[in-house]
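[1] Fold the stuff below for me.
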Amino acid sequence: MKKLLLASAVAALSVSAAQAAPTIYGKAFVAADYVNAEFDSNNNTFDRDEDTVEINSYSSRIGLKGSEAMTADTDVVYQLEYGIRPDGEDRTFKSRDTYLGVKNKNFGEVRAGRNQSTLDYINNVIVNEGYWDNLGSNNLNSNQQLAGLNMSDSGRINNSIIWKAPKYNNMPLDFALMYSSDRNEDNGLTDKDDGYGAALTFDQGTGFTLGVAYDKDQNISGDIIRGTATVNLGKYMAAPVTLGALYQQADFDYSSEDEKGLVVSANMDLNNFARPANVYVQYNNTESLDGNKDSDSDQIVVGGKYFFKDNLIMHAYAGMNKADNVSTKAADIDDNMVNTIGDTEVFVAGTGLEYRF
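    Presented below is the predicted three-dimensional model:
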């Protein structure tokens with residue numbers, strides 16, 4: 001009898017240990033991109049031209065995550081995720097979403113650490129992959145490689161805490177609040193403010209979603225409001241197509257002009273292949289880039305994916321971005337950095353392989 005009790009206790013401990021073990025996950029996404037980019041300055045001295053093939057890594061990462069019960073209703077949740085570069089360009093691990101928190105079925109989930117901003121919680125309209133998998137940057141920095149320019153993007157926020165509300169009576173709403181602290185790490189050299197954010201998503205599981213998000217002093221110095229809508233036509237007719245639209249307005253503290261951005265996308269599943277595949281198209285338009293009323297951009301991208309396996313995906317894409325009256329810094333003949341204004345045009349076609357684990 002004692003041996004039986006001992007064996008039962010060991011088995012119970014083994015099950016508990018297995019449940020507490022973290023999950024290791026990640027992905028490697030490497031692509032070959034043909035890049036042709038031009039910057040035509042108002043002063044021809046600062047014109048730039050790039051024409052090359054690049055080997056790039058996109059959102060490659062490795063991480064571990066898990067949870068462990070504290071009480072019958074409350075779990076500790078954690079995630080440590082780091083960006084990696086299989087192309088070898090940057091050999092250091094860069095922190096992505098890293099947090100420690102608690103989850104309670106009655107009070108929701110709280111995460112503290114480095115978190116993706118709540119502005120991204122409704123970012124389900126973006127279908128681009130690889131080189132174009134972002135909203136981009138809305139300005140060219142000094143000596144920055146030429147790239148597509150679009151509306152202000154959402155990012156990960158340091159020193160932040162997120163509360164995700166629990167589900168009440170199966171209501172089709174997801175709600176999250178975010179706070180980010182200014183820790184004054186620069187000894188008062190700048191006067192940054194604490195940041196705030198919120199996101200609300202409506203999804204009944206019928207193929208139609210709506211989302212609205214707002215943040216202040218997190219992704220930019222100022223306010224951003226974003227709204228999204230998607231519809232899966234396959235839920236209503238014999239058309240395996242999902243349509244999406246995103247509208248965003250950014251109000252910068254340093255400009256009286258609001259940046260306005262629009263994204264429309266379509267993703268279609270292909271059913272005539274042995275394995276799942278899809279094609280997509282996405283159009284971006286931004287007015288008053290970075291609060292500059294004379295600076296606008298347009299971008300169009302087409303692409304597709306083929307799933308050799310659920311975790312082994314081939315990508316192909318091509319796109320073009322044009323932006324007018326973009327300002328940047330360049331070195332003059334005396335190596336002094338001066339401001340210059342011009343137009344950019346970026347064309348990229350690429351193919352890559354993604355492996356998830």
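[2] Strands of the stretch 101-250 of the chain, residue ranges please.
    With DSSP state E, counting those that start in this stretch as the criterion, the stretch 101-250 of the chain has strands at 108-116, 156-164, 173-180, 195-203, 208-216, 222-232, 241-252.
[3] Outside of the longest one itself, list whatever touches it.
    Yep, that's strand 241-252 we're talking about. Identification of contacts with strand 241-252 by C-beta atoms under 8 Å, 6 or more residues apart in numbering yields 123-127, 151-152, 220-234, 258-269, 290-291. In short, each C-beta sits where N, CA and C put it, glycine included.
[4] Go again with 6 Å.
    Applying C-beta atoms under 6 Å, 6 or more residues apart in numbering, the external contacts of strand 241-252 come out as 125, 151-152, 222-233, 258-268, 291.
[5] Then the second one?
    Under the contact criterion C-beta under 6 Å, 6+ apart, strand 156-164 has outside partners 108-112, 114-117, 176-181, 183, 218.
[6] Can you report how many residues lie near Ile224?
    The local packing count at Ile224 equals 26, with neighbours defined by other C-beta atoms under 10 Å.
[7] And for it, nearest residue in space, chain neighbours not counted?
    Once its chain neighbours are removed from consideration, Ile224 has its nearest residue in Ala250; the separation is 4.8 Å (C-beta to C-beta, 6 or more residues apart in numbering).
[8] ok, of the contacts of strand 241-252, which come out buried?
    Buried by 16 or more other C-beta atoms under 10 Å: 125, 151-152, 222-226, 228-232, 258-261, 263, 265, 267-268, 291, out of the contacts of strand 241-252.
[9] beta partners of Asp251?
    Here Asp251 shows beta-bridge partners Asp223, assigned using DSSP bridges.
[10] pLDDT below threshold where in the stretch 51-200 of the chain?
    141-144, 183-192 (pLDDT under 70).
[11] could you redo the last one with a cut-off of 80?
    Within the stretch 51-200 of the chain, the stretches falling below the threshold (pLDDT under 80) are 88-92, 134-136, 139-146, 182-193.
[12] For the spatially closest residue to Asp215 that is not a sequence neighbour, grab the count of nearby residues.
    Take Asp215 and drop its neighbours on the chain: the residue closest to it by C-beta to C-beta, 6+ apart is Gly197, 3.6 Å away. Around Gly197 there are 27 other residues, counting by other C-beta under 10 Å.
[13] Pull the number of nearby residues for Gly342.
    Neighbourhood size, Gly342 [other C-beta under 10 Å]: 22.
[14] That one reaches Glu38, doesn't it?
    No: contact criterion C-beta atoms under 6 Å: Gly342 and Glu38 do not qualify, at 9.2 Å.
[15] who touches both of these two?
    Shared contacts of Gly342 and Glu38, defined by C-beta under 6 Å, 6+ apart, are absent.
[16] re the thing from before, quick check: the gap between the residue nearest to Ile224 and Ala69.
    According to C-beta to C-beta, to the nearest Å, Ala250 stands 42 Å off from Ala69.
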